[in-house]
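J.: My questions are about this predicted structure, shown below with the sequence.
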Amino acid sequence: MNRSILIAAAIGLGAMTWVASGQLVAIGDPAAGMPPASSSSSAAAAAAAAEPMLVLARTIEAQPYAREIVLQGRSATGRWVEVSAETQGRVAALPVAKGAAVRAGDVIVRLAVEERAARRAESEALLHQRRIEHATSTALAEKGFRATNRLAESQAGLDAARAAAKAMDVEMARTVIRAPFGGVVEERRVEIGAYLKAGDGVIRLVERDPMLIVAQVGEREVAQLRPGQAGRATLVTGETVEGRIRFIGGTADPATRTFPVELEVANPDGRLRDGITAELRLRADPRMAHLVPPAILTLDDDGALGLRVVEDDGRVAFKPAQLLGDGPEGVWLGGLPETITVITVGQEFVRAGDPVRVARASASRPSASRQ
């Protein structure tokens, strides 16, 4: 029994030794023509590391881009004035009604002349007398019958009479109040029979053509605007108007750090009204930019937005970019070289400085639908 067990154990041990020796020869013996498994894996990894990664890239050229700045604002009258009396008197006539359109120079209020007519007649009579006296003094002085000082006195009297007559002419003219510019009588503050003192308001006159669209522009965008640039405004009423920038403020609001901007628009039929909410769109001066699909944007290790491009030496470089705007065809980037070869596929698997093999994609002006 013990002998049988020993024989069986010896046979099993011999078989195991024979199998093990065969496996070692098959795997590890170079003479058998089979390289070790670890050596094969290392060679494959070395070969892969020696070959640059294949990426898909596209050459894109800069093109002019005019950014559209969108602001929230409102409509406003071009100008308005509170027309006031320049002399005292009773209102004798109001030729215009509230809401009436007037032209520059139209009579809007007449004051009663009253004693002014008599005073004007008196000043004219005095002026006539002084002219005769001065003419007589001049003739006598030329013949030597009157002293020079008497001639000077007559000249002074004539000048004073002329000044008095001129003052009465001005006073009479002030009884007729005229529109300083064309517009609409927005408010009539007096009625016939009211007595006015100098400085009392009589009519509020509003100019409705042209109208303004006023808004506030941020400090980062104000430098992109200038007077004369075109703009478009959509009012909450559904109306759309176009015009040009008339004014850009030079001092920021201390609370909001924004600057006032005014777009002047034509309003010949007076349909636009003051105080309507509007969305103002202003097109800034064009600048060179690149239109790219948003999917190829990436970040560097510091979180800066940009693109991974292929340089002339075949290596990857990261180019930081400034996002200028977006649209249906893609995003617009500034701050890049005029011509770039941007990686469109594989940019997330390479880093700056890596050599790459490039497969070229077509088109130099990409759109969002072209990857």
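T.: Thanks, I have the structure now. Numbering: from 1, shown residues only.
J.: And the helices in the stretch 51-200 of the chain, which stretches?
T.: Per DSSP state H, counting those that start in this stretch, the stretch 51-200 of the chain carries helices over the ranges 116-143, 148-173.
J.: Minimum distance to residue 294: which of the ones you listed has it?
T.: Minimum separation from residue 294 across the helices of the stretch 51-200 of the chain (CB to CB) falls at helix 148-173, 69.2 Å. C-beta coordinates here come from the backbone N, C-alpha and C atoms, glycine included.
J.: For the protein, give me the ranges with low pLDDT.
T.: Under the criterion pLDDT under 70, the flagged ranges of the chain are 1-50, 146-147, 362-371.
J.: For residue 99, give me its contacts.
T.: 184-186 (CB atoms under 8 Å, 6 or more residues apart in numbering).
J.: Touching, residue 342 and residue 297? I think so.
T.: No. Using CB atoms under 8 Å, residue 342 is not in contact with residue 297, being 10.0 Å away.
J.: ok, these two, which is more surrounded?
T.: residue 342 (22 against 17; other CB atoms under 10 Å).
J.: Go through the strand or helix carrying that one and flag the buried ones.
T.: Using DSSP states H and E, residue 342 sits in strand 339-345. Within strand 339-345, the residues scored as buried using 16 or more other CB atoms under 10 Å are 340-345.
J.: can you list the residues you listed in CSV and add distance to residue 64?
T.: Converted to CSV, the buried residues of strand 339-345 look like this (distance: CB to CB, whole Å):
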residue, distance to residue 64
340, 17
341, 21
342, 19
343, 25
344, 23
345, 28
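J.: Could you report the neighbour count for residue 53?
T.: 13.
J.: check contacts around the closest residue to residue 192 other than its chain neighbours.
T.: Leaving aside its chain neighbours, residue 192 sits nearest to residue 91 (5.3 Å; criterion: CB to CB, 6 or more residues apart in numbering). If you count contacts by CB under 8 Å, 6+ apart, residue 91 has them with 109-112, 190-196, 202.
J.: cutoff 10 Å now
T.: When contacts are counted by CB atoms under 10 Å, 6 or more residues apart in numbering, residue 91 touches 85, 109-112, 177, 190-196, 200, 202.
J.: Which residue ranges of the stretch 1-150 of the chain form strands?
T.: 53-61, 63-65, 68-84, 89-93, 101-102, 107-111 (DSSP state E, counting those that start in this stretch).
J.: so which of those strands is the most packed in?
T.: strand 107-111 (a mean of 20; mean count of other CB atoms under 10 Å).
J.: and residue 77, how far is that from residue 126?
T.: 47 Å (CB to CB, to the nearest Å).
J.: That should have said residue 317, apologies.
T.: 94 Å.
J.: mind listing the strands for the stretch 251-371 of the chain?
T.: Using DSSP E, counting those that start in this stretch, strands in the stretch 251-371 of the chain cover 258-265, 277-283, 287-292, 298-299, 305-310, 316-320, 322-327, 330-334, 339-345, 356-360.
J.: quick revisit: for the helices of the stretch 51-200 of the chain, give me TSV that also has distance to residue 289 and mean neighbour count.
T.: Listed next are these as TSV, based on distance: least, CB to CB, whole Å; neighbours: other CB atoms under 10 Å:
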stretch	distance to residue 289	mean neighbour count
helix 116-143	70	14
helix 148-173	61	15
